[in-house]
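Q: Give me the fold of what follows.
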Amino acid sequence: TFRLPAEAQCIDRLMEAFSKQLFEQYQAKQSDDETEVDQNGEFDLTDGLAAPTKMGEKKKAEQVKLEPNSIFKSSDAVFILSFSTIMLNTDLHNPNMKDEKRMTLNQFIKNNRGINEGKDLPADFLTDLYNQIQEEE
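A: Purely as a prediction, here's the structure:
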(Lines give C-alpha, C1' and ligand atoms only; values in the text may rest on other atoms or scores of the structure.)
Protein backbone atom coordinates (compact mmCIF):
# COMPACT_ATOMS: atom_id res chain seq x y z
CA THR A 1 0.00 0.00 0.00
CA PHE A 2 1.00 3.58 -0.60
CA ARG A 3 1.67 5.82 2.41
CA LEU A 4 2.18 9.55 2.26
CA PRO A 5 5.37 10.68 3.93
CA ALA A 6 5.00 12.40 7.30
CA GLU A 7 6.03 15.69 5.70
CA ALA A 8 2.90 15.69 3.52
CA GLN A 9 0.74 16.80 6.45
CA CYS A 10 3.13 19.68 7.18
CA ILE A 11 3.15 20.70 3.52
CA ASP A 12 -0.65 20.60 3.47
CA ARG A 13 -0.89 22.85 6.54
CA LEU A 14 1.68 25.25 5.13
CA MET A 15 -0.11 25.45 1.79
CA GLU A 16 -3.45 25.99 3.52
CA ALA A 17 -2.05 28.83 5.65
CA PHE A 18 -0.41 30.34 2.56
CA SER A 19 -3.64 30.12 0.56
CA LYS A 20 -5.75 31.72 3.24
CA GLN A 21 -3.23 34.51 3.84
CA LEU A 22 -2.78 35.21 0.13
CA PHE A 23 -6.52 35.31 -0.24
CA GLU A 24 -6.97 37.80 2.58
CA GLN A 25 -4.19 39.99 1.18
CA TYR A 26 -5.63 39.76 -2.33
CA GLN A 27 -9.04 40.76 -0.99
CA ALA A 28 -7.57 43.75 0.83
CA LYS A 29 -5.69 44.75 -2.31
CA GLN A 30 -8.86 44.43 -4.41
CA SER A 31 -10.86 46.60 -2.04
CA ASP A 32 -8.21 49.34 -2.09
CA ASP A 33 -8.98 51.95 -4.75
CA GLU A 34 -5.27 52.48 -5.30
CA THR A 35 -4.44 48.93 -6.39
CA GLU A 36 -0.97 48.90 -7.87
CA VAL A 37 -0.14 47.05 -11.06
CA ASP A 38 3.27 46.49 -12.58
CA GLN A 39 4.43 47.63 -16.02
CA ASN A 40 2.67 44.70 -17.68
CA GLY A 41 -0.64 45.49 -16.00
CA GLU A 42 -0.33 42.50 -13.64
CA PHE A 43 -0.84 42.33 -9.88
CA ASP A 44 2.06 41.39 -7.66
CA LEU A 45 0.18 38.95 -5.44
CA THR A 46 3.10 38.65 -3.03
CA ASP A 47 3.43 42.40 -2.42
CA GLY A 48 2.78 43.30 1.21
CA LEU A 49 1.84 39.80 2.40
CA ALA A 50 1.64 39.38 6.13
CA ALA A 51 3.41 36.52 7.89
CA PRO A 52 1.52 33.21 7.68
CA THR A 53 -0.28 31.82 10.69
CA LYS A 54 1.69 29.68 13.13
CA MET A 55 1.92 26.01 12.20
CA GLY A 56 0.62 24.94 15.63
CA GLU A 57 -2.70 26.77 15.31
CA LYS A 58 -5.78 24.62 14.87
CA LYS A 59 -7.39 24.64 11.46
CA LYS A 60 -10.91 25.96 11.27
CA ALA A 61 -13.39 24.42 8.86
CA GLU A 62 -13.99 27.73 7.13
CA GLN A 63 -12.79 29.33 3.99
CA VAL A 64 -12.25 32.97 3.29
CA LYS A 65 -14.63 34.54 0.79
CA LEU A 66 -13.56 37.37 -1.48
CA GLU A 67 -15.32 40.38 -2.82
CA PRO A 68 -17.29 39.79 -6.06
CA ASN A 69 -14.72 41.65 -8.19
CA SER A 70 -11.84 39.36 -7.18
CA ILE A 71 -10.45 36.70 -9.50
CA PHE A 72 -10.69 34.06 -6.75
CA LYS A 73 -13.99 33.07 -5.16
CA SER A 74 -12.53 31.23 -2.15
CA SER A 75 -9.30 30.32 -0.43
CA ASP A 76 -9.86 26.76 -1.67
CA ALA A 77 -9.30 27.97 -5.23
CA VAL A 78 -5.95 29.48 -4.21
CA PHE A 79 -5.05 26.25 -2.40
CA ILE A 80 -5.78 24.06 -5.43
CA LEU A 81 -4.06 26.45 -7.84
CA SER A 82 -1.00 26.55 -5.56
CA PHE A 83 -0.62 22.77 -5.67
CA SER A 84 -1.28 22.79 -9.40
CA THR A 85 1.45 25.40 -9.83
CA ILE A 86 3.94 23.28 -7.88
CA MET A 87 3.09 20.28 -10.04
CA LEU A 88 3.47 22.34 -13.21
CA ASN A 89 6.85 23.67 -12.13
CA THR A 90 8.07 20.14 -11.40
CA ASP A 91 6.68 18.88 -14.69
CA LEU A 92 8.20 21.64 -16.84
CA HIS A 93 11.63 21.71 -15.19
CA ASN A 94 12.32 18.07 -14.31
CA PRO A 95 15.45 17.13 -16.30
CA ASN A 96 14.44 13.45 -16.27
CA MET A 97 11.25 14.07 -18.25
CA LYS A 98 11.07 13.86 -22.00
CA ASP A 99 9.86 17.05 -23.68
CA GLU A 100 6.92 15.30 -25.36
CA LYS A 101 5.62 14.22 -21.93
CA ARG A 102 5.63 17.72 -20.40
CA MET A 103 2.35 19.42 -19.55
CA THR A 104 1.07 21.75 -22.26
CA LEU A 105 -0.76 25.00 -21.68
CA ASN A 106 -4.06 23.41 -22.73
CA GLN A 107 -3.54 20.55 -20.29
CA PHE A 108 -2.77 23.01 -17.47
CA ILE A 109 -5.94 24.98 -18.18
CA LYS A 110 -7.96 21.75 -18.40
CA ASN A 111 -6.50 20.49 -15.09
CA ASN A 112 -7.70 23.67 -13.38
CA ARG A 113 -11.26 23.67 -14.70
CA GLY A 114 -13.92 24.31 -12.12
CA ILE A 115 -11.52 24.89 -9.20
CA ASN A 116 -13.00 28.30 -8.44
CA GLU A 117 -16.20 27.14 -6.68
CA GLY A 118 -17.27 25.30 -9.82
CA LYS A 119 -16.20 28.11 -12.13
CA ASP A 120 -13.07 28.41 -14.24
CA LEU A 121 -10.31 30.89 -13.56
CA PRO A 122 -9.76 33.28 -16.50
CA ALA A 123 -7.80 31.60 -19.29
CA ASP A 124 -5.55 34.64 -19.68
CA PHE A 125 -4.63 34.45 -15.97
CA LEU A 126 -3.74 30.74 -16.25
CA THR A 127 -1.87 31.38 -19.52
CA ASP A 128 0.26 34.09 -17.89
CA LEU A 129 0.94 31.81 -14.92
CA TYR A 130 1.93 28.93 -17.21
CA ASN A 131 4.25 31.15 -19.28
CA GLN A 132 5.96 32.58 -16.18
CA ILE A 133 6.61 29.11 -14.79
CA GLN A 134 7.83 27.87 -18.15
CA GLU A 135 10.28 30.78 -18.46
CA GLU A 136 11.63 30.65 -14.90
CA GLU A 137 12.06 27.68 -12.61
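Q: Tell me which helix or strand in the protein has the weakest average pLDDT.
A: Ranked by mean pLDDT, DSSP states H and E, the weakest helix or strand in the chain is helix 7-31, scoring a mean of 82.
Q: The next helix or strand after that helix vs helix 7-31, what angle?
A: Using DSSP states H and E, the helix or strand that directly follows helix 7-31 along the chain is helix 75-93. Helix 75-93 and helix 7-31 are oriented at 120 degrees to each other (axes from the mean of the first three to the mean of the last three CA atoms, to 10 degrees).
Q: tell me the pLDDT at Asn135?
A: I think there's a mix-up here, since residue 135 is Glu and not Asn. Note on Glu135: pLDDT of 92.
Q: for it, what are its contacts?
A: Residues in contact with Glu135 (CB atoms under 8 Å, 6 or more residues apart in numbering): none are found. Bear in mind the C-beta positions are built from the backbone N, C-alpha and C, glycine included.
Q: likewise Ala77?
A: Going by CB under 8 Å, 6+ apart, the list of residues near Ala77 reads Ile115, Asn116, Glu117, Leu121.
Q: just checking, the second one touches Ser70?
A: The reference is to Asn116. No: Asn116 is beyond contact range of Ser70, at 10.1 Å (criterion: CB atoms under 8 Å).
Q: Looking at those two, which is more packed in?
A: Asn116 (19 against 16; other CB atoms under 10 Å).
Q: Quick check: which ranges of this structure have low pLDDT?
A: Applying pLDDT under 70 to the chain picks out residues 1-6, 29-69.
Q: go again using 90 as the cut-off
A: Under the criterion pLDDT under 90, the flagged ranges of the chain are 1-15, 17-18, 21-73, 83, 86, 90, 94, 97, 136-137.
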